[in-house]
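Student: coordinates for the following, if possible.
(one chain, ligands or ions: 1)
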Amino acid sequence: MTGGRTVVVAGGGIGGLAAAAALAHSGLAVTVVERAAHIADAGSGLMLYQNGIAAADAISSRLGAGIRAAGHVVGPDDVRVVMDSVGQILAREPIGEVGRRLGLPQVPILRTALRDLLFREAVGAGAEIRLGTAVECYDQDGARVSVSLSDGGAQEADVLVAADGINSVVRAAMLRDGPPQYLGYTSVRGRVVGSALHPMSLVVNGLGLQIFVAPADAQTLYWTAKITAPQGVWPAIGQAGALSALADRLADWHEPVVRMVRDTAPADVSVTDIHDRDPVWRWVDGRVALLGDAAHPMAPAMGQGANTALEDAVVLAEVLGSGAHPGEALRRYQTQRAERVAAIVLHSRRQGAVDQGASRAEALSRDSAMRSRGRKDAATLDVIDWRPGGTGSRPEVDRRGLSSLSGTGSGEAGS
Ligand SMILES: Cc1cc2nc3c(=O)[nH]c(=O)nc-3n(C[C@H](O)[C@H](O)[C@H](O)COP(=O)(O)OP(=O)(O)OC[C@H]3O[C@@H](n4cnc5c(N)ncnc54)[C@H](O)[C@@H]3O)c2cc1C
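Tutor: This is a model prediction of the structure:
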């Protein structure tokens, strides 16, 4: 059906490796071109929600089983405790009950473990991985796309998938829409073995600061602190500096949370300013398609960046594996993905601002909303109900801010 079609995937992150695995399983000849010399990820973890687990299961049952074995499968009676900074409980979010209802669990997992599983899945399915080489730009005619590489060479393919992250060079060439925007807060992330909090799931709210905690495996907790701050300040102080500055900020917080942060090794910390982009309808230019953060970088408030990248990979493999002409297949991919993900990007931006509680009044309003709702964010429930093949809910798109964007509009692929 695929007639020996070839695909170059730019970037071997979660999105690129998932796409490589899914496309190779669909019979395409895939080469991943990754700029870094090694497939590795920062020390922290991430949350795979039901939509991401469904996507992983669709790529292969072995991948889904591997994720469940390497991560922490949330049990049917588990709750996520939402508390204020001194440990007063605001809500007990029934994350296990949601899993029971949706027929799939949430699985928090270490990034290194997920990346390793995806790498092995991609290679096992026949994908070739080229490390230490960057994609620089692309050119195409009606029949082929030519991908220029940093080693001076070029690779020809039927399709180029741009999974080269938030600062994607392929997106810059395709949409020319400038850099991503800073959202006013940074993130300090870490992992720790042997914390007294293990295996609790927690959200801890402070003033201009929110901490998310989850078990990532049988011994390890991972945590993410989002801190309201000017751009660049926290990344500039490095891992050890950020860890000690965060510990200072937490001085009068709930003691087990403070200890969890203090017990984290600086080498296991990553510091990332949080950016997103306005959603665009155009993800495709002829034989070139954007995927993951290259297409839709978003605030981490809903924990959906990697989950939606896994969804992208499954839909891309469905359309390209169907044997349709590449241009037509990629237009179908864009149609199936852009609207759903636009809603998630916009909701994540709004929820991220709420989560910060940047002023005393905003912090009080956030805490009382979470108390009355009984959870951090009710909209997540709609989003995680996605399933391959178009089943599951489709969140209502909030079109505020969409109409004037470059690359938005008809959803037509370009040249
Ligand atoms: C604080 C925080 C918490 C988060 N928590 C969650 C969560 O709980 N759940 C969730 O689903 N998501 C979460 N995310 C989002 C998630 O991490 C990202 O959406 C996801 O990692 C994106 O994957 P990607 O493969 O698209 O991009 P990336 O992970 O950025 O991978 C891009 C890859 O491309 C390579 N590359 C870059 N340029 C080139 C080039 N020119 N040529 C070749 N290779 C190139 C890079 O080296 C990299 O390997 C979080 C993000 C943050 C910041």
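Student: make it CA atoms for all contacts and neighbour counts henceforth
Tutor: Will do.
Student: contact partners for the residue nearest to Ala267 when sequence neighbours are not counted?
Tutor: Excluding the flanking residues, the one nearest Ala267 by CA to CA, 6 or more residues apart in numbering is Gln239, at 6.9 Å. With contact taken as CA atoms under 8 Å, 6 or more residues apart in numbering, Gln239 is in contact with 266-267, 269-271.
Student: of the residues you listed, buried ones?
Tutor: The neighbour-count criterion (16 or more other CA atoms under 10 Å) marks 266, 269-271 among the contacts of Gln239 as buried.
Student: tell me the one among the residues you listed nearest to Gly13.
Tutor: Ser270 (16.2 Å; CA to CA).
Student: and the next helix or strand past the longest helix anywhere in the chain?
Tutor: Taking DSSP state H as the assignment, the helix of the chain that covers the most residues is helix 326-356. Downstream of helix 326-356, the first helix or strand assigned by DSSP states H and E is helix 360-373.
Student: with just CA atoms, put that next one into PDB.
Tutor: Provided in PDB are the C-alpha atoms of helix 360-373 (Å, rounded to 0.1, in the frame of the first residue of the first chain):
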ATOM      1  CA  ARG A 360      -2.600  37.400  46.400                       C
ATOM      2  CA  ALA A 361      -6.100  37.900  44.900                       C
ATOM      3  CA  GLU A 362      -5.400  35.500  42.000                       C
ATOM      4  CA  ALA A 363      -4.000  32.900  44.400                       C
ATOM      5  CA  LEU A 364      -7.100  33.000  46.600                       C
ATOM      6  CA  SER A 365      -9.400  32.800  43.500                       C
ATOM      7  CA  ARG A 366      -7.400  29.800  42.200                       C
ATOM      8  CA  ASP A 367      -7.500  28.000  45.500                       C
ATOM      9  CA  SER A 368     -11.300  28.500  46.000                       C
ATOM     10  CA  ALA A 369     -12.000  27.400  42.400                       C
ATOM     11  CA  MET A 370     -10.000  24.200  42.900                       C
ATOM     12  CA  ARG A 371     -11.800  23.600  46.200                       C
ATOM     13  CA  SER A 372     -15.200  24.000  44.700                       C
ATOM     14  CA  ARG A 373     -14.400  22.000  41.600                       C
END
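Student: report the distance from it to the chain centre.
Tutor: 26 Å (CA atoms, centre = their mean, to the nearest Å).
Student: all strands for the stretch 201-350 of the chain, in order.
Tutor: Remark: strands assigned in the stretch 201-350 of the chain by DSSP state E, counting those that start in this stretch are 201-206, 209-215, 220-228, 270-276, 284-285, 288-290.
Student: list the buried residues in the lowest-mean-pLDDT helix or strand in the chain.
Tutor: In the chain, no helix or strand scores lower on mean pLDDT, DSSP states H and E than helix 380-383, which sits at a mean of 89. Neighbour-count burial for helix 380-383, counted by 16+ other CA under 10 Å, picks out 380-381, 383.
Student: same thing with stretch 122-131?
Tutor: Under the neighbour-count rule (16+ other CA under 10 Å), stretch 122-131 has 122-123, 125-131 buried.
Student: in helices only, show me those residues.
Tutor: Those of these lying in helices (DSSP H): 122-123.
Student: pull the most distant pair out of the buried residues of stretch 122-131.
Tutor: Farthest apart among those by CA to CA are Ala125 and Leu131. That separation is 17.7 Å.
Student: follow-up on the earlier one: export the buried ones among the contacts of Gln239 to CSV and tack on distance to Tyr138?
Tutor: Shown next, in CSV, are those (distance: CA to CA, whole Å):
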residue, distance to Tyr138
Pro266, 39
Val269, 35
Ser270, 32
Val271, 32
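Student: could you identify the most distant pair in those residues?
Tutor: Pairwise across the buried ones among the contacts of Gln239, and taking CA to CA, the largest span is found between Pro266 and Val271, at 10.7 Å.
Student: now do the contacts for Glu97.
Tutor: 76-78.
Student: switch the cut-off to 7 Å
Tutor: 76-77 (CA atoms under 7 Å, 6 or more residues apart in numbering).
Student: any part of the helix or strand where Val9 lies near the ligand?
Tutor: Assessed by DSSP H and E, Val9 sits inside strand 6-10. Yes - against the ligand, strand 6-10 shows contacts by CA under 6 Å from any ligand atom at Ala10.
Student: any idea how far the ligand is from Ala309?
Tutor: 6 Å (CA to the nearest ligand atom, to the nearest Å).
Student: now do that residue, the pLDDT please.
Tutor: For Ala309, the pLDDT comes out at 98.
Student: same thing with Ala379?
Tutor: Value for Ala379, per-residue pLDDT: 86.
Student: so how far is the ligand from it?
Tutor: For Ala379, the distance to the ligand - CA to the nearest ligand atom - is 15 Å.
Student: cool, and Leu48?
Tutor: 6 Å.
Student: give me the beta-bridge partners of that residue?
Tutor: Here Leu48 sits in beta bridges with Val107, going by DSSP bridges.
Student: what helices and strands are in contact with the longest strand along the chain?
Tutor: If you go by DSSP state E, the chain has its longest strand at strand 181-193. Judged by 3 or more CA pairs under 7 Å, 6 or more residues apart in numbering; DSSP states H and E, strand 181-193 is in contact with strand 220-228, strand 270-276.
Student: could you give the mean pLDDT of the shortest one?
Tutor: Okay, so that is strand 270-276. 98.
Student: strands paired with it, and their directions?
Tutor: So strand 270-276, judged by DSSP bridges, has these partners: strand 181-193 (antiparallel).
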